[in-house]
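K.L.:
Make a model of this:
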Amino acid sequence: MSMPSGKPEAKSTSAAKAAVQKLQDLSARELNQRMIERRAIEAIIWGMPAVNFELMYQAMVREAKGSFNQIVYWSRLPDWKNQTLTPNADVIYLMPFFDTKDGPIVIEIPPADDGVINGTIMDSWQTPLEDVGPAGADKGKGGKYLIVPPDYRSNLPAGYIVLASSTHQGYALLRSILKSGSDADIAKAVSYGRRVKLYPLAQAAKPPETTFRDAADLVYDATIPYDWRFFQALDRFVERELWLTRDKVMIDLLKSIGVDKGKPFNPDDSMKLVLNDAAAEARAVLDMKYETLFPPYFENARWALPAVTDYIESASTAYADPDVYPLDSRGALFSFAFFTAKHLGQGQFYLMTIKDKDGEAFHGGDTYRLVVPRNAPVNQYWSATAYDRSTHALIRGLSRSSRSSQSPGLLKNADGSVEIYFAPKAPPGKETNWVPTSASGIFEVLFRFYGPEKPLFDKTWVLPDIEKLK
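P.N.:
Model (predicted):
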């Protein structure tokens, strides 16, 4: 057996010495700046679900003049002014924000009689505590969900579905499902949604009137700011919440970028520049993960389930496995969406696509067609929504953002299939099946299945890719 030559090893040693010398030549200021940038990038990926939550809550405070233990809702179907991440434009949203610092909070879900609530109650990291409604713990019978704060020791009354939260604050994403897209049924869904109640357990004997804040006419902007303001939002979250044991490794890392519990976050101009650079790099990393992380759902297709197994399993079990903490996939998910279901696939299911049949990005100035085959596997409805690829929010300024199986006047083909068009202008005679796009940008499409059925999961029903029309 011959011995390898020493030349490759000499080259490697020389390169290593050069790298060390390069680092030694850096000033203390340059080294510190590089450390801050690296830590800031990791802080963004780690803190994405918390900041996502914080931005939604701050939008409620800023625009709807609301606060914790109140419900922000939309009194009609959301339009582009709902600037949360990939919202559903074909449902009535209600979002109770709760704070248990003064004691347990009750969220009452009405029985599924004149309507249906589909949703999930989460902590402030958007970890699901429980699903609600027919696909949730109350099984459509309605129920009183009791959210108790961390380390709560008092006796709990009977008659409640008890949810132990690891954080003091959190929210519920509730959807009042439409029976049809008519004005009358939209109004009924709003009325039904307002039967949800939110109040402290201490006042359960005589609950106060629930406060609802209507955001229908407000620009409710919760898009992610990829600059120093991300850390401003993260600091607000850290100040209000307790540290979870799983996250204590971040305490000193955050201090180095100015996020220090009990102290004001006040970066100077030079620090803001460093944080801005880090945020820009973090955004590029998350975009890369977004484009490559999710495998195709159907064979040789572009549609993908926008989540990954490690995060779904960890979130649904409240991170019970001590050897798994999927920060990367969690950060990628909450960079373009909000909400985590406790039991994904029971109440709703999602498929996302960012490329057409030929593997090209969707350009808003072109015309595309999606053919939804007949007998879509849902017992409620399906919808297809277009979003701004750069923000993952509804495209600003457009007349509508989606079409669904409940859209009034939706045209069907003779075989029962439906053609949906995405374009800056409606193709002739296709106005009711048209989703507007903006010629100035690129977009993405999320297809929702509400009340998904077996053919979707065994893939005997397949959603074709979106094709560009020549």
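
K.L.:
Then L198 would be within a strand, right?
P.N.:
Yes - under DSSP: H, G, I helix; E, B strand; the rest coil, L198 sits within a strand.

K.L.:
For it, give its distance to P157.
P.N.:
17 Å (C-beta to C-beta, to the nearest Å). (C-beta placed from N, C-alpha, C; glycine too.)

K.L.:
So for those two, which sits in the more crowded spot?
P.N.:
Neighbour count, other C-beta atoms under 10 Å: between L198 and P157, L198 has more, with 23 against 12.

K.L.:
my read: that one touches S67, true?
P.N.:
No - counting by C-beta atoms under 8 Å, L198 does not reach S67; the two are 11.7 Å apart.

K.L.:
Let me know how buried A332 is, in neighbour terms.
P.N.:
A332: 27 neighbours (other C-beta under 10 Å).

K.L.:
So for it, what's the pLDDT?
P.N.:
On pLDDT, A332 comes in at 94.

K.L.:
what do you get for R403?
P.N.:
98.

K.L.:
And the contacts of the strand or helix carrying it?
P.N.:
Here R403, judged by DSSP states H and E, is contained in strand 402-404. The contact list for strand 402-404 (C-beta atoms under 8 Å, 6 or more residues apart in numbering) reads 88-90, 181, 381-386, 410, 420, 432-435.

K.L.:
Sort out which one of those lies nearest R153 for me.
P.N.:
N88 (38.9 Å; C-beta to C-beta).

K.L.:
Beta-bridge partners for the closest residue to that closest one other than its chain neighbours, please?
P.N.:
The spatially closest residue to N88, leaving aside those adjacent along the chain, is R448, at 6.2 Å (C-beta to C-beta, 6 or more residues apart in numbering). On the basis of DSSP bridges, R448 is bridged to Y350, S383.

K.L.:
R448 and Y350 touch, don't they?
P.N.:
Yes - in this structure R448 lies within contact range of Y350 using C-beta under 8 Å: 5.8 Å.

K.L.:
host element of the spatially most central residue of the chain?
P.N.:
For the chain, the residue nearest the mean C-alpha position is F338 (1.6 Å; C-alpha atoms, centre = their mean). In the assignment (DSSP H and E), F338 maps to no helix and no strand.

K.L.:
wait, what's in contact with it?
P.N.:
52-53, 56, 84-86, 126, 173, 222.

K.L.:
just V91 next, same as before
P.N.:
Taking C-beta under 8 Å, 6+ apart as the test, what V91 contacts is 77, 175-178, 189, 450.

K.L.:
same deal with G409?
P.N.:
Neighbours of G409 in contact, by C-beta under 8 Å, 6+ apart: T432.

K.L.:
all helices for the chain, in order.
P.N.:
7-25, 28-64, 183-193, 229-240, 250-255, 269-292, 309-316, 327-334, 454-457 (DSSP state H).

K.L.:
need the contact list for S314.
P.N.:
320-321, 324-326, 330.

K.L.:
Pull stretch 189-199 out as CSV, backbone CA atoms only.
P.N.:
Taking Å, rounded to 0.1, in the frame of the first residue of the first chain, the C-alpha atoms of stretch 189-199 are listed here in CSV:
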residue,chain,number,x,y,z
ALA,A,189,-71.2,33.5,8.4
VAL,A,190,-70.4,36.8,10.0
SER,A,191,-73.3,36.6,12.4
TYR,A,192,-72.5,33.0,13.3
GLY,A,193,-68.8,33.9,13.9
ARG,A,194,-69.8,36.7,16.3
ARG,A,195,-71.3,33.9,18.5
VAL,A,196,-67.8,33.2,19.6
LYS,A,197,-67.1,34.4,23.1
LEU,A,198,-63.9,35.4,24.9
TYR,A,199,-63.7,36.2,28.6
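
K.L.:
How far does that stretch sit from its chain's centre?
P.N.:
22 Å (C-alpha atoms, centre = their mean, to the nearest Å).

K.L.:
Can you tell me what sits against it?
P.N.:
Residues outside stretch 189-199 that contact it (C-beta under 8 Å, 6+ apart): 69-71, 73, 75-76, 91-92, 94, 96, 98, 105-110, 114-117, 174, 176-179, 207-208, 210, 212.

K.L.:
From these, list the buried ones, please.
P.N.:
69-71, 73, 75, 91-92, 94, 96, 98, 105-110, 115-117, 174, 176-179, 210, 212 (16 or more other C-beta atoms under 10 Å).

K.L.:
Low-confidence ranges, this protein, go.
P.N.:
Scanning the chain with the threshold set as pLDDT under 70 gives 1-11, 17-26.

K.L.:
ok so, going back, name the pair among the contacts of V91 with the greatest separation in space.
P.N.:
Among these, L77 and Y450 lie farthest apart (C-beta to C-beta), at 14.2 Å.

K.L.:
Have a look at these two and say which one is more surrounded.
P.N.:
Set side by side, L77 and Y450 show more neighbours around Y450, with 25 against 22, by other C-beta under 10 Å.

K.L.:
quick one: the residue nearest to that one when sequence neighbours are not counted from S404, how far?
P.N.:
Leaving aside its sequence neighbours, Y450 sits nearest to Q380 (C-beta to C-beta, 6+ apart; 3.9 Å). Between Q380 and S404 the distance is 10 Å, computed by C-beta to C-beta.

K.L.:
buried ones in stretch 319-328?
P.N.:
Neighbour-count burial for stretch 319-328, counted by 16+ other C-beta under 10 Å, picks out 319, 326, 328.

K.L.:
could I get those residues as JSON lines with distance to K289?
P.N.:
JSON lines is the format used below for the buried residues of stretch 319-328 (distance: C-beta to C-beta, whole Å):
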{"residue": "Y319", "distance to K289": "20"}
{"residue": "P326", "distance to K289": "12"}
{"residue": "D328", "distance to K289": "6"}
